[in-house]
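K.L.:
Quick one: sequence and predicted model below, then my questions.
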Amino acid sequence: MKTLLSGVQPSGNFHIGNYLGAIRQWVEFQKTHRVFAMIADLHAITIPQEPEMLRKNTLNVARILLACGMDPKKSVIFVQSQIPAHTELGWILNTLTPIGELERMTQFKEKKEKAGVLAGLLNYPTLMAADILLYNTDIVPVGEDQIQHIELTRTLARKFNARFGETFKEPKEYVLKETARVMALDDPTKKMAKSAENPNSYIALLDEPEVIRKKIQIAVTDSGKEVAYDETAKPAISNLMRIYSVLAGIGLKEIEAKFSGKGYGEFKRDLTDVVVATLVPIQKRYQTLTETSVKAMLKKGQKTASKIANTTLVEAKRKAGFLPA
């Protein structure tokens with residue numbers, strides 16, 4: 001059975017873009033892969049966090065993952081900071097990474113304008129590489145904007161293997177094309193984001209049905225009334241159609257045929273029904289989960305992840321010439 005690893009940061013309101021682009025994939029992959037679902041709190045602090053809110057959000061992410069269908073009997077759900085091997089291997093990989101490689105990362109170039117040039121932001125990709133390589137990962141589900149990070153991970157694995165001997169497996173990225181970039185409801189040129197200032201730009205997983213209805217009703221559309229998929233001429237309606245397509249399990253052409261001559265209003269009403277039918281069961285499961293049960297699940301995940309990560313780290317350190325503890 002192949003191994004899949006992916007991570008999600010404990011920050012902001014989790015929205016339908018997170019569900020379609022990441023969590024839903026993890027749930028499906030549980031059927032065919034061993035899934036390591038990482039709550040990436042170390043990555044989260046590259047942007048300043050309030051300590052108490054970080055702790056609260058970390059537990060909330062775990063609760064959401066379980067509510068969405070992650071099964072701790074099939075998957076390993078764990079908190080990144082509770083596995084020290086991540087930062088230790090991340091440091092070793094830093095010594096193999098030219099600064100120029102990190103400065104060329106698209107996400108770094110975009111974020112440094114807002115956050116300033118912080119070392120953590122610069123070294124984010126080497127820690128991400130460590131996350132992946134520790135678990136002999138075969139597949140990493142990512143958005144299109146993170147493919148560059150997986151390419152760097154492969155490069156670092158090859159560098160280490162060439163210098164110290166075969167140690168790390170080279171992972172492959174997996175991008176779900178139709179929902180790789182779920183765009184904001186108020187601006188189809190921007191990716192839907194948890195940190196968005198306008199709450200009407202995203203549909204949160206815990207939004208009540210009436211809130212969802214309002215957000216979809218006021219979501220921007222394109223000129224004309226035809227429900228047709230065209231990412232260039234109709235980016236707003238195309239974004240909504242992608243969401244509809246994945247949640248309803250029907251093709252884009254079928255959606256066009258279904259709403260031929262009916263206009264945006266009827267399409268939005270149907271889309272609302274589809275979104276609500278998806279999120280209400282998740283919200284009901286979320287309400288049944290207690291803090292005690294979530295913490296117990298994370299403790300189990302920590303033990304499993306630690307055993308695997310530490311085995312990989314010890315081997316890498318031995319080959320690199322470190323004295324054993």
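P.N.:
That came through fine.
K.L.:
which residue sits closest to residue 155, ignoring its sequence neighbours?
P.N.:
residue 101 (7.7 Å; Cβ to Cβ, 6 or more residues apart in numbering). Heads up, the C-betas are built off the backbone N, CA and C, glycines and all.
K.L.:
So that neighbour lies in a strand, does it not?
P.N.:
No: counting by DSSP: H, G, I helix; E, B strand; the rest coil, residue 101 is not part of a strand but helix.
K.L.:
Residue 291: what's it in contact with?
P.N.:
Each residue near residue 291 by Cβ atoms under 8 Å, 6 or more residues apart in numbering is listed here: residue 59.
K.L.:
Angles on the backbone of it, please.
P.N.:
phi -60, psi -40 (degrees, to the nearest 10).
K.L.:
Give me the residue ranges of this structure where confidence is low.
P.N.:
Where the chain drops to pLDDT under 70, the residues are 113-116, 177-180.
K.L.:
Where do the helices of it begin and end?
P.N.:
16-18, 24-29, 41-44, 51-67, 85-94, 99-103, 106-115, 119-133, 147-164, 209-217, 235-248, 252-258, 263-288, 291-320 (DSSP state H).
K.L.:
Which one of these lies nearest to residue 139?
P.N.:
helix 24-29 (7.8 Å; Cβ to Cβ).
K.L.:
ok, and for the closest one, which residues are buried?
P.N.:
Residues of helix 24-29 classed as buried: 24, 25, 26, 27, 29 (neighbour count, 16 or more other Cβ atoms under 10 Å).
K.L.:
re the thing from before, in a markdown table, list the helices of the chain along with distance to residue 225.
P.N.:
Shown next, in a markdown table, are the helices of the chain (distance: least, Cβ to Cβ, whole Å):
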| stretch | distance to residue 225 |
| --- | --- |
| helix 16-18 | 24 |
| helix 24-29 | 30 |
| helix 41-44 | 42 |
| helix 51-67 | 36 |
| helix 85-94 | 51 |
| helix 99-103 | 47 |
| helix 106-115 | 35 |
| helix 119-133 | 44 |
| helix 147-164 | 36 |
| helix 209-217 | 15 |
| helix 235-248 | 10 |
| helix 252-258 | 13 |
| helix 263-288 | 4 |
| helix 291-320 | 46 |
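K.L.:
Ok, which of those helices comes nearest residue 200?
P.N.:
helix 209-217 (5.3 Å).
K.L.:
quick check: domain ranges of this structure?
P.N.:
The chain breaks down by automatic domain parsing into domains covering 3-174+291-320, 199-286.
K.L.:
Turn the ones you listed into CSV, including distance to residue 192.
P.N.:
Shown next, in CSV, are the domains of the chain (distance: least, Cβ to Cβ, whole Å):
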stretch, distance to residue 192
domain 3-174+291-320, 4
domain 199-286, 5
